[in-house]
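In: Sequence first, predicted coordinates after that:
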Amino acid sequence: MSNTTTEAPADAGAEHGMVSKERTQTQMVVRRFLRHRLAIISLIVLLILILISVLGPYIWKWNHGSHAGDIPIAKGPSADHPFGTTRKAQDVLGLVIRGTQQSLKIGLLVALLDIGIGAIWGAVAGLFRGWVDAIMMRIVDVIFVVPFLAVVAALSSGISRVSWLEIALLIGLLGWGTTARLVRGQVLSLREQEFVEAARAVGASNTRIVFRHLLPNVTGIILVSATLAIVGAILTEAALSFLGFGIQAPDTSLGAQVSDGAGASLTRPWLFYFPGITLVLICLTFNFIGDGLRDAFDPRQTLERK
Amino acid sequence: MFAFVLVEVSSDPINTYRQQLEQNAVASGMDNSAIDASVELFKERNYYDRSTPERYWLWLTGIGGNGDIGLLQGEFGPSLRGGGNYDIKAQLGDRFFITLRLVFLATIFSMGLAMLAGVVMAVRQYKKVDYLLTLIGFVALSMPVFWFAQLIKNAAVSYNKATGTDTFATYGDSAPGGTGGMSTGEALLDAIAHLVLPTLVLMLAGYAGASRFQRSAMLDVLNSDYVRLARAKGLRNGTVMRRHALRTALIPMATIAPVAILAAMAGAVVTETVFEWQGMGRFFIDALGQRDPFAIQAFLIISGALTVVGVLISDLLYGIVDPRIRYE
């Protein structure tokens, strides 16, 4: 965290005769986050999911491809295939592992783009104000106005055999408007504060001010916004796959699996529920982590005195 | 705003058409020159013999076209499907209202529910009710719309089977045989029966975000000085809530309602697919699937225009409900 924000929580308790150690802001944030029980559980579940998706392909004997002849066709869950098998002789657990991997990859890349473009865009617009701000925010407005799902679907239907990378780029490049707006709003008030003036007085360049002074102060907003972007990206990918414009066979994603399973969800429920529940679980963990981060970074929260 | 539509021209219908013809060449007995001739005719009818900027200009203004193109004249251009018999404008006109009634019902219900739940959560902050409703909200926020839609549909189908009735209509926007033979009352009942499930699905999707928003709005108000003052004056709790807190806290919802309608429109694309509705969403999916550029553009233009109007209304409402905001 930046050394420009030095809060002194020690004062708060001292008057009441309580002794409380002075902590850096990072320590405070971590402490507050750790108190958020759901967020911690979510973080653990998420780490397990990431581990499974990274190591799973090496441990589990079936991958997402077809194993005609070796795997029974369209059988329910059994000891050999705990999540059942599909009509194309695929192991559903193998599919889910692969799908989780794809969803997480898409989510993380979109979050990176969201932070990389949106945060810097917003910070620059907020710092310079005037016509630079006007032009930059009009561009954000245009991106905002575009009916998101429709355009992504239209664009990805133009690409034959879409890969996860292309989907992530499409979602990421069209989706950073919210972050830019939030960051700009914060920077507009931050830039009037003394520490920016001080940085200017000692001759810091604009680049240095943006990266060393402004962005560290909006870390909270950026992180929360990024977790929401991840959820949005994963759900968008799933919706795209469902509409038939997402990742195509032979590769797979959780969305594609759910939409394949949806047609026969009454006769072969395992095809529908296992990928679906995994998808919900991933999004739920990110949502709770985002909620925990929001609480942790909220300066109005003072757990010290409770 | 129109600029992004240009991107849509990136698809290449001519090649697709040629490939179709070539695939059918043996069956239809066409030789190469016949194919070339058909392609030329196809190009001319659909204005693909012109360069991209020319076509864009034509599409926008309709000057020099055959009278079936030109956005400013209220025409969306010819469809490449069905040999020219597929009328984009007529199709959109029918479908627009089918989708609209779904979206409006869902938004009204989800907003109402979200207000109620948000206020309850804020008043009972960190109590069991708050945690329960928060959990429901987060689960709703994490569910893909189509997954939930399918879940609901399955439940309804199972229920219908178990009871041997047709309590829930799970297919289409009206009865399969059409509503022609029914009286007005029956047709209305039929429409309602078909609306229940899709509305429920869309409602939950909108509810999640809105209830969080309402909760934090109400919390802000409850922690504000004037509510503390009202309490300090010795007003009864009920009076403080009704007269002071609730009134102020409900106002911000007005500003997110237009945006919520837009979100519901996007959700409707998916919901319509699951419940096999012949609405706007279906129109768009079909157009995409069959690479029909003018139809895709028509949909994008309409939803883009709706978005602009929605955001504008939301901004204006902001100024009306919050007197502190002034437009220069």
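Out: Yes, it's here.
In: Please identify the residues of the stretch 201-306 of chain A in proximity to chain B?
Out: Residues of the stretch 201-306 of chain A lying near chain B by CB under 8 Å from any CB of the partner chain: A:231, A:235, A:238-239, A:242-245, A:255, A:258-259, A:262, A:265-266, A:272, A:276, A:279-280, A:283-284, A:286-288, A:291. Heads up, the C-betas are built off the backbone N, CA and C, glycines and all.
In: and those, which are buried?
Out: A:231, A:235, A:238-239, A:242-245, A:255, A:258-259, A:262, A:265, A:272, A:276, A:279-280, A:283-284, A:286-288, A:291 (16 or more other CB atoms under 10 Å in any protein chain shown).
In: And A:M136, how far from B:A217?
Out: Distance of A:M136 to B:A217, computed by CB to CB, to the nearest Å: 29 Å.
In: Over to B:A249?
Out: Distance from B:A249 to B:A217, by CB to CB: 5 Å.
In: With A:L182 instead?
Out: Counting by CB to CB, the gap from A:L182 to B:A217 is 17 Å.
In: So for these two, which residue has more residues nearby?
Out: Neighbour count, other CB atoms under 10 Å in any protein chain shown: between A:L182 and B:A217, B:A217 has more, with 21 against 18.
In: Hmm, B:G118 and that one touching each other?
Out: Yes. Judged on CB atoms under 8 Å, B:A217 makes contact with B:G118 at a distance of 7.1 Å.
In: Up against chain A, what does the stretch 201-328 of chain B have?
Out: Residues of the stretch 201-328 of chain B lying near chain A (CB under 8 Å from any CB): B:262, B:265-266, B:269-270, B:273-274, B:284-285, B:288-289, B:291, B:296, B:299-300, B:303-304, B:307-308, B:311.
In: Only whichever of the residues you listed are buried, select them in ChimeraX.
Out: Command for ChimeraX that selects the buried part of these, burial taken from 16+ other CB under 10 Å:
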select /B:262,265,266,269,270,273,274,284,285,288,291,296,299,300,303,304,307,311
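In: Quick check: B:F294 touching B:I88?
Out: Yes. Between B:F294 and B:I88 there is a contact under CB under 8 Å: 6.4 Å.
In: For the spatially closest residue to B:G310 that is not a sequence neighbour, give me its contacts.
Out: Nearest non-adjacent residue to B:G310, counting by CB to CB, 6 or more residues apart in numbering or on different chains: B:P258, 4.0 Å away. By CB atoms under 8 Å, 6 or more residues apart in numbering or on different chains, B:P258 lies in contact with B:309-311, B:313-314, B:317.
In: Check which helices and strands the helix or strand harbouring A:V140 sits against.
Out: Using DSSP states H and E, the element containing A:V140 is helix A:130-145. Helices and strands touching helix A:130-145, as assessed by 3 or more CB pairs under 8 Å, 6 or more residues apart in numbering or on different chains; DSSP states H and E, comprise helix A:120-128, helix A:177-190, helix B:293-321.
In: among these, which is nearest B:L141?
Out: Among these, the nearest to B:L141 by CB to CB is helix A:177-190 (15.2 Å).
In: what about the closest one, near chain B?
Out: No. Helix A:177-190 lies out of reach of chain B by CB under 8 Å from any CB, never closer than 11.7 Å.
In: what's next to stretch A:135-149, contact-wise?
Out: A:121, A:124-125, A:174-177, A:180-181, A:184, A:236, A:239-240, B:1, B:3-4, B:262, B:265-266, B:269, B:300, B:303-304, B:307-308, B:311.
In: which bits of the stretch 51-200 of chain B sit near chain A?
Out: Proximity of the stretch 51-200 of chain B to chain A, by CB under 8 Å from any CB, involves residues B:138-139, B:141-147, B:150, B:154, B:157-158.
In: Of those, which is the most crowded?
Out: The member of those surrounded by the most neighbours (other CB under 10 Å) is B:W147, with 29 neighbours in all.
In: my read: that residue touches A:G276, true?
Out: Yes. Look at B:W147 against A:G276 with CB under 8 Å: they come within range, at 4.7 Å.
In: list residues touching both of the two?
Out: A:V258.
In: Quick check: closest non-adjacent residue to the closest residue to chain B within the stretch 201-306 of chain A.
Out: In the stretch 201-306 of chain A, the residue that lies nearest chain B is A:C283 (3.5 Å; CB to the nearest CB). In space, and not counting its chain neighbours, A:C283 is closest to B:S142: 3.5 Å by CB to CB, 6+ apart.
In: gap between the helix or strand where the residue of the stretch 201-306 of chain A closest to chain B lies and the chain center?
Out: Per DSSP H and E, A:C283 falls inside helix A:269-297. Relative to its parent chain, helix A:269-297 has a centroid offset of 11 Å by CA atoms, centre = their mean, to the nearest Å.
In: helices or strands next to it in the packing?
Out: Checking 3+ CB pairs under 8 Å, 6+ apart, helix A:269-297 ends up next to helix A:25-35, helix A:37-59, helix A:92-113, helix A:219-243, helix A:254-262, helix B:128-142, helix B:145-163.
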